[in-house]
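Asker: Give the three-dimensional model of this entry:
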Amino acid sequence: MKRFPYFLLLGALLALSSCSPSVTVHSDYARGVNFRQYNSFAVEAEAGRNADPVMGGDLNQRRIIKALEGEMVARGLARSTEKQADLIVRFGTDSRDRQSTQSNNNYSPWMWRYGGNMNTYTRNYEENRIVVNVYDARTNQQIWQGWASGQFYDRKKDVEAAVFQSVNKIMTRFPVQPSSEFAQNR
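Answerer: Okay, here's the model as predicted:
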């Protein structure tokens, strides 16, 4: 009898979490590249990729740069100038309007007689994307790309935390992982 409220609470939490779109992350890299050969990096905004006035605004660009620098330092790379860096980390952002439709069809064996109960819920939202491209500075060839898509702006979300978490999720797919002492301090 005491467990019933816990199951009810768990069910409510699952239902609420399924309603909000989550941030999805993907990545790709050049096979055969030894990522351990690189020692330094520089971060910059990708030219022409930050047209959205909110995601591409100065506040978010500074947040993304700070998050990327922290992630690269955690992987044992040193900050450097663009001319002296082994890796150039460029990022871009964009946004687009999306629509989510959910349908709840309550089927009943007596539907032919009493009619069905169909509930449809439509929600409009803005989907944001952060794209991180890593280039070998010597060859100017792209060697890794990671991106996160989702809803970063919401009344209930701390935008700065959402941006940092998204960059962190992207960088978990980077071939070089943070050192163990950095992972313990997180």
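Asker: quick one, strands of this structure?
Answerer: Counting by DSSP state E, the chain has strands at residues 24-29, 40-45, 78-79, 87-106, 117-136, 141-150.
Asker: now those in a markdown table, with distance to residue 159 and mean pLDDT?
Answerer: C-beta: built from backbone N, CA, C; applies to glycine. Below are these laid out as a markdown table (distance: least, Cβ to Cβ, whole Å; pLDDT from 0 to 100):
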| stretch | distance to residue 159 | mean pLDDT |
| --- | --- | --- |
| strand 24-29 | 18 | 94 |
| strand 40-45 | 18 | 95 |
| strand 78-79 | 25 | 96 |
| strand 87-106 | 12 | 81 |
| strand 117-136 | 10 | 82 |
| strand 141-150 | 13 | 95 |
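Asker: who touches the residue lying closest to residue 23 once chain neighbours are set aside in this structure?
Answerer: With sequence-adjacent residues excluded and distances taken as Cβ to Cβ, 6 or more residues apart in numbering, residue 23 is closest to residue 150, at 3.3 Å. By Cβ atoms under 8 Å, 6 or more residues apart in numbering, residue 150 lies in contact with 21, 22, 23, 24, 127, 128, 166.
Asker: burial of the last one, as a residue count?
Answerer: Which is residue 166. Residue 166 has 24 neighbours, counted by other Cβ atoms under 10 Å.
Asker: wait, it sits on residue 152?
Answerer: Yes: assessed by Cβ atoms under 8 Å, residue 166 is found in contact with residue 152 at 6.5 Å.
Asker: Give me the common contacts of these two.
Answerer: Contacts common to residue 166 and residue 152, judged by Cβ under 8 Å, 6+ apart, are residue 23.
Asker: of the strands of the chain, which approaches residue 59 most closely?
Answerer: Residue 59 lies closest to strand 87-106 among these, at 11.6 Å (Cβ to Cβ).
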